[in-house]
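Chemist: the following comprises the amino acid sequence and a computationally predicted model.
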Amino acid sequence: MLHTQEVVGSNPAAPTNYHSHMPRLALPDASTVELAEGEPVGSALPPGNVAARVDGELVDLSFVPGADAKVEPVSPADPDGLHVLRHSAAHVLAQAVCKLIPEARYAIGPPIEDGFYYDFELPEALTPDDMPRIEDAMREIVASDQPFSRTELGRDEALELFAGQPFKREIVEQLDEAEGAAGERVVVYRNDGWADLCLGPHLPSTGRLGAFKLLSVAGAYWRGDESRPMLTRIYGTAWPSQEELDDYLHRLEEAERRDHRRLGRQLDLFSFPPELGTGLAVWHQRGGIFRKQLEDYVRNIHLERGYEIVQSPHIARGKLWETSGHLAKFRELMYPAMEDEGTEYFVKPMNCPFHVLVYKSKTRSYRDLPMRLSELGTVYRHERAGVVHGLLRARGFTQDDSHIICREDQLVEELLGVFDLTLEIQRTFGFADPVVALSTKPGEAIGDEAMWARAIDALRSALDRSGLTYEVAEGEGAFYGPKVDFHFRDAIGRLWQLTTIQCDFALPERFEMEYTGEDNERHRPVMVHRAILGSLERFSGVLIEHYAGDFPLWLAPEQVRLVPVADRHFEHAQGLAVRLRDAGLRVGIDKSKETVGKKVREAQVMKIPYTLVVGDKEAESGDVSVRDRDGNETRGVSFDEFVRRVSDEASTRSLESSSF
RNA sequence: GCUGGCGUGGCGCAGUCCGGUAGCGCAAGCGAUUUGUAAUCGCUAGGUCGUCGGUUCGAAUCCGACCGCCAGCUCCA
């Protein structure tokens, strides 16, 4: 990491005279060892450690702790140790690139989740074919086991050292400004003459790097700023052992196997015809069933929870979006205006103003509140071309959007209701243990400070009362109010932001929403915006990846596939199909003139939960032969038993398949 | 929007570097086979090689612009 934190000094070394004041090294077995005076922590650590924590601060093994310091070893198994390993891998990558391409200018290269990257300015673009060469150069550096050494330089020395490295110089210069004092010391790590500006800590030497692999090349802006030069970023991953690297690479393959765009085609759920334009999907017949299941579930649970369903059009006059503030802030992300008889219309990017107008359609009393207006509202946002990503980021999508309009004193109670509904709905899909974030006022915002403070207070007290643990994301709120987001982990551990709950005092103000109170005075209500699934498209994409296409039975487009062995079994299969449909199940019969093997394969590829092969034996006995989508096969299952178990599985929205 | 890569029948790909008017597998249609749990065999049809323009005797192949897709960055009410 670069200078984002205080420099960790290597020589605070307070004089130590007494044995009892010597640094104490805490060992994993809970015993302690004392270090001799002036001794670096590395010399006393058990082998295999890559860094140490001294009084809670991560340092490298050459660090000489002062008296009374508490020293703990850090191994690569420790998350911090893994970070150190990857940070060192980033250095080795940069060193290798500089060796192969002497004109390369290196920028920054931090460890990240699962790996590391380094940004370069290069004379010409790299291709994936260059990666093996770079990896080879990295391996040479690892083989020569170069020690990492830490030095502190004065500002001018550092500028001189990085004379040919404009990015490094910029960092040194800005560091200086930030610290507000000339002559600030700058930390540099070197190995074999190659040097990088860096706080460390690092591995003792390059030989301890473990298993690594370069993964991809991409462009990235210097300092993440669109107006600054585009650099070449090389991504890699690094792990303590080859097994862990292999595991990780398998996880990547698994994620690719689950890609919703691939499965969407394979399962014939949806497509993005280029004729429609970027980010606009059509749902196919099977996708239509899946989606209807989601919609029905969501609508019904909202009705049960006291929401009322409303419906709004897809376009509205420009004036509406001026009042809401969307035009001022998001005009370039809205589809362009269409003009009709001198009036500008816009396609809606949001449903809120419509729900506000439902509220305002007549004079409201405190008795009407809370009013919970709900709509599966289809909106269009002109997302920048490069950000569109299948269903996960589309340009046309349907939000499970609701607005709760209530008195301020009802707000916390309403928020608690939304949290509760969120957990119930998400649990239905197997999502639990959310990571919750409270986002506060962003730089560009409407509404005064007092409004924001009250809104944040409400969210905070609802969170506190709910018992949910949450973190605070400063400045990440919506322009009209703070929000609470729920992120959930999928089946392979990836975190997705699904639910968003936003508190809004601003729109009621802008739209002059009012109600008459018990006191016969006019009051302003507050509004909660919330989408629990987020959008049906995005949520569907996440579900497809979460389940890897193996939907719970209630969501599966076709739940049972009947495979007659020969033409003469069609009639019996037809009879079974009628009984299954009577039980509310979705059934298909494969009457193609193919072998049983081929038909079974077909059903398997389509991930149909249950396949029943119907032949002479079944026609005679009345039993069925059940094959599930994992390939488990059971013959002689009573048909009534099958129908009973499977309809039960579907109606309870079970996450577990029945086994026979 | 930016950087890089890619675009060849419905799908997955070869051919592009070194210009000489397209090929494979799956899917589809037809025929034979009537089949017992992940691909039966044969035949047939299907492509102005993303679009437009340029270079050339000749362009899928070389050049340019545009459109679309992919990865990352930036953004995300």
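Modeler: Noted; the coordinates are in hand.

Chemist: and whichever residue of the stretch 501-650 of chain A sits closest to RNA strand B, backbone torsions?
Modeler: In the stretch 501-650 of chain A, the residue that lies nearest RNA strand B is A:G615 (2.3 Å; C-beta to the nearest atom of the strand). Yep, even glycine has a C-beta here, placed from its N, CA and C like the rest. Main-chain torsions, A:G615, degrees, to the nearest 10: phi -130, psi -160.

Chemist: please name the nearest non-neighbouring residue to it.
Modeler: Take A:G615 and drop its neighbours on the chain: the residue closest to it by C-beta to C-beta, 6 or more residues apart in numbering is A:V565, 3.5 Å away.

Chemist: find me the pLDDT at that neighbour, would you?
Modeler: The model reports A:V565 with a pLDDT of 96.

Chemist: go on, A:Q293?
Modeler: 98.

Chemist: ok, now A:F272?
Modeler: 91.

Chemist: make sure A:W321 is indeed in a helix.
Modeler: Yes - counting by DSSP: H, G, I helix; E, B strand; the rest coil, A:W321 is part of a helix.

Chemist: element containing the residue nearest to it when sequence neighbours are not counted?
Modeler: Leaving aside its sequence neighbours, A:W321 sits nearest to A:L327 (C-beta to C-beta, 6+ apart; 4.2 Å). Element membership for A:L327 (DSSP states H and E) is helix A:326-330.

Chemist: mind listing what the nearest residue to A:K70 once chain neighbours are set aside touches?
Modeler: Spatial nearest neighbour of A:K70, chain neighbours left out: A:D55 (5.5 Å); criterion: C-beta to C-beta, 6+ apart. Residues near A:D55 by C-beta atoms under 8 Å, 6 or more residues apart in numbering: A:P65, A:A69, A:K70.

Chemist: dihedrals phi and psi, A:D55?
Modeler: According to degrees, to the nearest 10, A:D55 has phi 50, psi 40.

Chemist: same deal with the one 4 residues further on?
Modeler: Here the main-chain torsion angles of A:V59 (degrees, to the nearest 10) amount to phi -140, psi 170.

Chemist: I'd say it and A:R53 touch.
Modeler: Yes - if you go by C-beta atoms under 8 Å, A:V59 and A:R53 touch, sitting 7.4 Å apart.

Chemist: between the two, which has more neighbouring residues?
Modeler: Taking other C-beta atoms under 10 Å, A:V59 and A:R53 do not tie; A:V59 has more neighbours (26 against 19).

Chemist: give the buried residues for the longest helix along chain A.
Modeler: Scanning chain A for the longest helix, with DSSP state H as the assignment, gives helix A:79-100. Across helix A:79-100, burial judged by 16 or more other C-beta atoms under 10 Å covers A:80-99.

Chemist: got it, and stretch A:308-327?
Modeler: Applying a neighbour-count criterion of 16+ other C-beta under 10 Å, one finds A:V310, A:S312, A:A316, A:G318, A:L320, A:W321, A:T323, A:S324, A:G325, A:H326, A:L327 buried in stretch A:308-327.

Chemist: name the residues of the stretch 551-660 of chain A found near RNA strand B, please.
Modeler: By the rule C-beta under 7 Å from any atom of the strand, the part of the stretch 551-660 of chain A lying against RNA strand B is A:565-568, A:592-598, A:600-601, A:604-605, A:611, A:613-618, A:625, A:627, A:631, A:633, A:635.

Chemist: and those, which are buried?
Modeler: Neighbour counting by 16+ other C-beta under 10 Å classes A:V565, A:V600, A:Q604, A:T611, A:V613, A:V614, A:G615, A:E618, A:S625, A:R627 among those as buried.

Chemist: among those residues, which two are most distant?
Modeler: Distances among these were taken as C-beta to C-beta; the most separated pair is A:Q604 and A:E618, at 19.4 Å.
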